[in-house]
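J.: What shape does this take:
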Amino acid sequence: MSAPGADEARAALARDERRDVALLAAASLLISAAIAWRGVGGTPPSTLGAFFDGHLYIDIARSFPLPYAPEGRDYLGHAPLYPALLALARALTLHALDWGALAVVASWVASAACVPAFHALAREVDVPATPATAVFAFANPAWLLLSAAPHAEPVAMLAALLCLRACARGASLASGGWLALAFLARYPAILLGAALAFDALVVRRRRDARTLAGLALPLAAFAAYHFYLAWRVPGFRGLWDAHQVQWDAKLTLPFAEMAAYWSYGNRASIQFPIIYASAAFYALATLVGLRPGEWRRAFLAVASGVVAGFHVSLSGEPGVDSFTRLAILAWPPSLLVAFRAARAAGAPAWPSLSRGSRAALAVGLAGVCAWGAWVASRQIRVAIWMQGQRDWMRPKLESLDADAPQWTDFAEIHRRAGGGAPAPARRGAERPALD
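T.: Residues are numbered from 1 along each chain as shown. Here you go, the predicted model:
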């Protein structure tokens, strides 16, 4: 039986952690709004919701309750959960906000909700939760951009974090269910199933019906979704094929396209070093997380490795340009591996640091966050300028309050622009979505 003093100390610590999580979530929300506001400049803030891939998700959202349509087959490469949330929010707010505002606010709220989800995961894998959560939320410029602009990644990240936390607890059905939702937010999230299978079958050596059912849930969602699209859109030939209109990607040797990009990429771009730093961090975390003594938490390394490994094995310049966004689900498991490795190497525990040391680290993180926010707001300005040149964008900006989908034939646009191949697949071509 614990002493009353110990119980009071634990209760005080829990209160402090709840306060810290609430403050970090609020800061995430405010920083996302600030980045968006600075990024749009003189543009009305709600119009940001149509940029990047926001216009695609908005038209999918308008098509609910039966999402997608035969005339919108160029939209099938984008997953339905984020649009579903937009459609739900549109109904709940009684059309008080237009689609653009909803698309942006949904990203802000989802990214803020990732703060308590990551904190809970960090505690589950025995990592100093508050400092790790602060680094997760504010140290990655790619995550700051995804949190501020209309992207499906924050919704996918929230489901993925809850999936990994359930995996850490050995809750097979819950982890499989959350992964199914993550897949419906971003298709590549299903790669995390390799981490779930590794933890359940190899580490825990569980093969009972409950475990197998949990592992089967994401696959069932994958199959059911394919059947739905085949019924809804005649001629549907699979998600990989559906995405070709945006990017004609193929599998190649790992890092082959990144090695080629080193010679032809835009070295003057601030994104250039971030791409390679991210890939190196994820690769190193994968190796470090598989070291002896980390077997019980090796699913983190597997999660980082399968997500990053898949995306460094795709052909085409868009895959390298967008690597920091495409592989963002590798960010939290890699970060947790890094914190666990630092502790194993003898780094001082957060509670043992002096107040001055904590303040210095906080100032350093604030500086990194300010730089990342500048990078993100700059990317928003570039995306608005580039996409603003497109003939098809103006009607979308002028109809953000309309409820009927405005399907666009992007394949035809690409054919007119360049003779057949999707423009985003051609090396050096202008692309509407930047990272």
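J.: Just give the nearest non-adjacent residue to Gly41, would you?
T.: Arg381 (6.4 Å; Cβ to Cβ, 6 or more residues apart in numbering). Any C-beta I mention is one placed from the backbone N, CA and C, and that applies to glycine too.
J.: Number of residues surrounding the one you found?
T.: Neighbour count of Arg381, defined by other Cβ atoms under 10 Å: 15.
J.: Check which helix or strand it maps to.
T.: Using DSSP states H and E, Arg381 sits within helix 355-388.
J.: what packs against that helix?
T.: Packed against helix 355-388, as judged by 3 or more Cβ pairs under 8 Å, 6 or more residues apart in numbering; DSSP states H and E, are the following elements: helix 4-40, helix 129-138, helix 141-148, helix 271-289.
J.: any idea of the angle the next helix or strand after the third one forms with helix 4-40?
T.: For helix 141-148, the following helix or strand on the C-terminal side (DSSP H and E) is helix 153-168. Relative orientation of helix 153-168 with respect to helix 4-40: 160 degrees, computed using axes from the mean of the first three to the mean of the last three Cα atoms, to 10 degrees.
J.: State the distance from the nearest residue to Ala139 once chain neighbours are set aside to Pro141.
T.: Take Ala139 and drop its neighbours on the chain: the residue closest to it by Cβ to Cβ, 6+ apart is Val368, 5.2 Å away. The span separating Val368 from Pro141 equals 9 Å under the rule Cβ to Cβ, to the nearest Å.
J.: Show me which of the two is the more surrounded one.
T.: Pro141 (25 against 15).
J.: From Ile35, how far off is the more buried one?
T.: Note on Pro141: its distance to Ile35, by Cβ to Cβ, is 10 Å.
J.: Common neighbours of the two, please.
T.: Shared contacts of Pro141 and Ile35, defined by Cβ atoms under 8 Å, 6 or more residues apart in numbering, comprise 373, 376.
J.: what does stretch 331-345 contact?
T.: 118, 121-122, 125-128, 132, 135-136, 140, 142-143, 157, 160-161, 164, 195, 281-282, 285-286, 288-289, 293-294, 297, 299-301, 303-304, 308, 349.
J.: sec struct for the residue lying closest to Glu71 once chain neighbours are set aside, please.
T.: Spatially, and ignoring its direct neighbours in sequence, Glu71 is nearest to Trp407 (4.9 Å; Cβ to Cβ, 6+ apart). On the three-state scheme (DSSP: H, G, I helix; E, B strand; the rest coil), Trp407 is labelled coil.
J.: quick one: buried residues of the helix or strand harbouring Ala411?
T.: If you go by DSSP H and E, Ala411 is part of helix 410-418. Of all the residues in helix 410-418, those buried under the rule 16 or more other Cβ atoms under 10 Å are 410, 413-414.
J.: chain center to the helix or strand hosting His119, what's the gap?
T.: Following DSSP H and E, one finds His119 within helix 99-124. A distance of 10 Å separates the centroid of the chain from that of helix 99-124, by Cα atoms, centre = their mean, to the nearest Å.
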